[in-house]
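Peer 1: here is a sequence together with a model predicted from it:
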Amino acid sequence: MASEIKQGTLELVNHLPILQVITPMLIAPILVVLNNKTLSWLLSFLGALACLFISILLIQAVSDGSILTYYLGGWVPPIGIEYRIDAANAILLFLISIISTIVLIFSYSSLHAEIPEEKHTLFYSCFLLCLTGLLGVVATADIFNVFVFLEISSLSTYVLVAQGAYLDRRALSASFNYLIMGTIGATFFVIGIGYIYMATGSLNMMDIAERVNQLSDNRTIQAGFAFIVVGMGLKLAMVPLHVWLPNAYTFAPTVVTCFLAATATKVALYVLIRFVFSVFNYEDSFVNELFFLLLMPLAVIAMIAASVIAIFKQNLKKLLAYSSLAQIGYMLLGLSLMNQKGLASSLVHMVNHGFTKAALFMSLGAFMLKTKNVYIKSLRGLGKSMPFTSAAFVIGGLSLIGVPGTAGFISKWLLLEAALETGYWLVAILIIASSLFAVIYIWKIIEVLYFSESSEAYNEVSVLTLMPIWILALFCIFLGINTSLTVDVANMATEILFK
Amino acid sequence: MDINLNFIYGHLPYWLFIILMLSGLFIVVSRGNLIKKIVGLNIFQTSVFMFYISIGKMKGGTAPILLDKSADNSAVIYSNPLPHVLILTAIVVGIATTALGLALIIKIREEYDTVEEDDIQKMDQKDLKKYNKKNVLETNS
C-alpha cells in the first residue's frame, strides 16, 4: 500500500515533510535580527500560512493510505533520522498549522493588551519555535528526535506562559511549576528511550517495532514503556499528573492559552498513541493491561472530577482549563478502549476539541479585552453589547457539550459507540454524565451573558478580532456537518496504526 | 533469597543511577526553595546522562576513534558512541532548562521578593483577599 518515494530527487513533494518543520524554525531567528514589531507579526503569519499550505498538501498526499518518508541528509534509517508522514500525523500537522495561523490573526489585534510592545518580536520568535517543536514531534519517526522536539516546544512554552506576568505575576510561578513538572516528564521519557535503546539497539520506530516483537517478555522493554507512559502522562496532563495545567492555562496570555489548549496536550497524546501502536505491540499483554487497569479508570476520573470542579470555578479561564482536563479524559478513554473505533474517536476528538477550545478561549480573550478581567460576574449582559463574540462563545460551548450539529457531537458519538461496542455500559453512562456537567457550567456562563442586566456598556470588539473567533466557530459547525476531513482521515489512520 | 553480591557489583552504574535519580526527584518534590528545586532537577537529569553513558560501555572496549582507515577495524572492540552523542543533546536541553528556570526565579524574586514556595503562595492568597477575588490585572490597568 505504501508508495515508494524516491529519495534524493528535487521534486517538491518529496521534501514536504522537512519543509513543514523547518519553515517556522528558519523564520524565528530572522525575526530577532529584524527586530520590528509589525514585520515580525507579518513574517510569522506568513510562516504559519506556509505551514498550513504544506500540511494541506501532505494530507492530500497521504489520504489514500500511502506513507511519505524523508531521510534527513540522505542517511538511510536506522542510522539516519527518518520523518514519516501517514494519515495519523498528517491530521495533527493540519490541526497545529491551522490553529497557529488563526491564533496569529487574533494576536495582531489583541497582543498589545497583554504584552508590552517592545517584547512582541521575541514573543513571536518564541511562538514559532514552539510551533517548530510541536510539528517536529508529530513528523518524526525517530524516538530520540521526539524528545528533542518535545523539549524545543516545551522550553518555548514555559517562556510563553511566563509572558502573562505583565498582567498577573502569578504567571511566573505557574510557568515555573510547569517547567519543573514538564522537565520531570521529559526526563522520564528519556529514561524510557534509554531502556528501549538498551534492549533493541535502535532508535527508529519501524526498526524497533520489528525487534520488540521478539522481546515482549523482556523486563527492560516493559520498564521502558512504563517510563514513557508516565513521562507523556505528565506532558498531556493525565489526571493525577495534571496539576501544572490549570494555572498555566489561566495565567498565560490569551493567545498562548488558545494555542496550547488546542495543540500541546494533543501532541503529547499523539506521541503516546504512536508509541503504543508503532513502537510497541498493542496486542502485548503489558500494554493492554496497563491501559485497561490504569489509564481507563484515570480517564474516567478525569472526565467526571474535572467537569465537577469546573462547575464551581468563578475564573472562566480556570473553568475552561478544567474542562480541558475532562476532554483529555475523553481522548485517553478512546485510546484505552484499544479498538479501532475508540482510537478513531480519540483522533477525531483531538481535532474537534482543538477547534472548540480555541474558539472558547479566544472569545473569552475578546471579552477580556473589554472587561479587563475573566471573572464570571464581569460578563453580565455582554450578550447584548457584544452579540457577535457572545454568539461565537455559545457555538463553542454547544460544541463542547456535544450538541448534534456541532463538532463535539461527532466525536462523543463515536466514543459512545466504541464504548458500547466493547460492552462498557458503565463507561458509556459516565460519558453522558460528564456531558451533563458540561451543560451545567456552559449554561452558567450563557445565563450570565444573556439573562442578566449589565452595569456597564461595552462596545463590540473590532472586526479583525472577530474574524479569527468566527473562523473557529464556523469550523465547530462545519466539522459537525461535514465529517470527511476528520472521520475519514481518522479511520484511515487507525487502519495504518492497527496494521 | 540469597543476596548476590555479583549482581549488585556487576550493575554498579545502574545502582548509582537509581540512587542519584531518586535523590534528585526527592529534592524536587520535598524542597520549597525554588533554587533547591532547580538543583534537584539538575541531579535528576544528570543521573540519566550517567545511565546513558553506562549503557554504551563495552567490557574492554576502547574509545570509538578510527585511527587507521586502511586497516580492518572489525576486530577492535570499542564503546558504543551513539549514547554519548544522544546525551550531548540531552545535556544541551538540560542547560537550557536550568537557565530558563533560573531566569524565572530571578523574575519571581523581583516580583515577590522571596524564592520560597510557601511565602509565594501566602502572598497570592493575600492578593486574592485584598482585591476581593478579582483578577490582579484589573487594579493594575
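Peer 2: Arrived safely. Residues are numbered from 1 along each chain as shown, chains lettered A, B, ... in the order given.

Peer 1: from A:I228, how far out is A:V271?
Peer 2: A:V271 sits 8 Å away from A:I228, taking C-beta to C-beta, to the nearest Å as the criterion. (Each C-beta comes from the backbone N, C-alpha and C, glycine too.)

Peer 1: over to B:E111?
Peer 2: Shown here: B:E111 relative to A:I228, a distance of 36 Å by C-beta to C-beta.

Peer 1: between these two, who's got more neighbours?
Peer 2: Neighbour comparison, B:E111 and A:I228: the larger count goes to A:I228, with 26 against 16 (by other C-beta atoms under 10 Å in any protein chain shown).

Peer 1: please report phi then psi for the spatially closest residue to the more buried one that is not a sequence neighbour.
Peer 2: For A:I228, the nearest residue in space outside its immediate sequence neighbours is A:G192; the separation is 3.6 Å by C-beta to C-beta, 6 or more residues apart in numbering or on different chains. Here the main-chain torsion angles of A:G192 (degrees, to the nearest 10) amount to phi -60, psi -40.

Peer 1: count the residues that sit near A:G192.
Peer 2: Number of residues near A:G192 (other C-beta under 10 Å) recorded here: 24.

Peer 1: ok, and the closest non-adjacent residue to residue 80?
Peer 2: By default, I'm working from chain A. Per C-beta to C-beta, 6+ apart, closest to A:G80 is A:Y71, 5.2 Å.

Peer 1: nope, chain B please
Peer 2: The shortest distance from B:N80 to any non-neighbouring residue, by C-beta to C-beta, 6+ apart, is to B:G56 (4.1 Å).

Peer 1: swap in A:H242?
Peer 2: Counting by C-beta to C-beta, 6+ apart, the residue nearest A:H242 is A:L325, at 5.5 Å.

Peer 1: what ranges do the helices span in the stretch 301-450 of chain A?
Peer 2: In the stretch 301-450 of chain A, the segments counted as helices under DSSP state H, counting those that start in this stretch are A:307-311, A:316-336, A:340-371, A:382-385, A:387-401, A:407-422, A:425-450.

Peer 1: next one: chain B
Peer 2: Under the criterion DSSP state H, helices of chain B are mapped to B:5-10, B:12-30, B:34-56, B:82-112, B:117-130, B:136-140.

Peer 1: which secondary structure elements does the host helix or strand of A:G185 sit against?
Peer 2: Secondary-structure element containing A:G185, defined by DSSP states H and E: helix A:170-200. Counting contacts by 3 or more C-beta pairs under 8 Å, 6 or more residues apart in numbering or on different chains; DSSP states H and E, helix A:170-200 is packed against helix A:143-162, helix A:205-212, helix A:219-236, helix A:244-251, helix B:12-30, helix B:34-56, helix B:82-112, helix B:117-130.

Peer 1: please state the offset of that helix from the chain centre?
Peer 2: Mean-position distance between helix A:170-200 and its chain equals 18 Å (C-alpha atoms, centre = their mean, to the nearest Å).

Peer 1: one more: stretch B:48-67?
Peer 2: Distance of stretch B:48-67 from its chain centroid, counting by C-alpha atoms, centre = their mean, is 21 Å.

Peer 1: next, the buried residues of stretch B:125-132.
Peer 2: For stretch B:125-132, burial by neighbour count (16 or more other C-beta atoms under 10 Å in any protein chain shown) applies to B:D127.

Peer 1: for stretch B:110-129, same thing?
Peer 2: In stretch B:110-129, the ones that count as buried by 16+ other C-beta under 10 Å are B:E111, B:Y112, B:V115, B:E117, B:I120, B:M123, B:D127.

Peer 1: same deal with stretch A:308-323?
Peer 2: Burial within stretch A:308-323, assessed by neighbour count using 16+ other C-beta under 10 Å, is assigned to A:308-310, A:313, A:315-323.

Peer 1: what's the answer for stretch A:370-378, then?
Peer 2: The neighbour-count criterion (16+ other C-beta under 10 Å) identifies A:K370, A:T371, A:K372, A:N373, A:V374, A:Y375, A:I376, A:S378 as the buried residues of stretch A:370-378.

Peer 1: any residue of that stretch touching chain B?
Peer 2: Yes - on the criterion C-beta under 8 Å from any C-beta of the partner chain, stretch A:370-378 is in touch with chain B at A:K372, A:N373, A:V374, A:Y375.

Peer 1: quick one: buried residues of stretch A:191-202?
Peer 2: Of the residues in stretch A:191-202, those buried under the neighbour-count criterion (16+ other C-beta under 10 Å) are A:I191, A:G192, A:I193, A:G194, A:Y195, A:I196, A:Y197, A:M198, A:A199, A:T200, A:S202.

Peer 1: can you list these in CSV and add pLDDT?
Peer 2: Rendered in CSV, the data for the buried residues of stretch A:191-202 read as follows (pLDDT from 0 to 100):
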residue, pLDDT
A:I191, 95
A:G192, 95
A:I193, 95
A:G194, 94
A:Y195, 93
A:I196, 93
A:Y197, 93
A:M198, 91
A:A199, 91
A:T200, 91
A:S202, 90
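
Peer 1: nearest to A:I85 among those?
Peer 2: The shortest distance between A:I85 and any of the buried residues of stretch A:191-202, using C-beta to C-beta, involves A:S202 and amounts to 20.5 Å.

Peer 1: so what's the closest one up against?
Peer 2: A:P78, A:I208, A:R211 (C-beta atoms under 8 Å, 6 or more residues apart in numbering or on different chains).

Peer 1: wasn't the first one part of a helix?
Peer 2: Right, the one you point to is A:P78. No - assignment of A:P78 by DSSP: H, G, I helix; E, B strand; the rest coil gives coil, placing it outside any helix.

Peer 1: burial check on it, number of neighbours?
Peer 2: For A:P78, the number of neighbouring residues by other C-beta under 10 Å comes to 19.

Peer 1: with the second one instead?
Peer 2: Each residue near A:I208 was counted by other C-beta under 10 Å, and the total is 24.

Peer 1: and stretch B:82-101, average pLDDT?
Peer 2: The average pLDDT for stretch B:82-101 rounds to 93.

Peer 1: next: stretch B:45-63.
Peer 2: For stretch B:45-63, the per-residue pLDDT values average out at 88.

Peer 1: mean pLDDT lowest for which of the helices of the stretch 301-450 of chain A?
Peer 2: The stretch with the lowest mean pLDDT among the helices of the stretch 301-450 of chain A is helix A:382-385, at a mean of 87.

Peer 1: buried residues, that one. List them.
Peer 2: Under the neighbour-count criterion of 16+ other C-beta under 10 Å, helix A:382-385 has A:L382, A:G383, A:S385 buried.

Peer 1: appreciated, that's everything.
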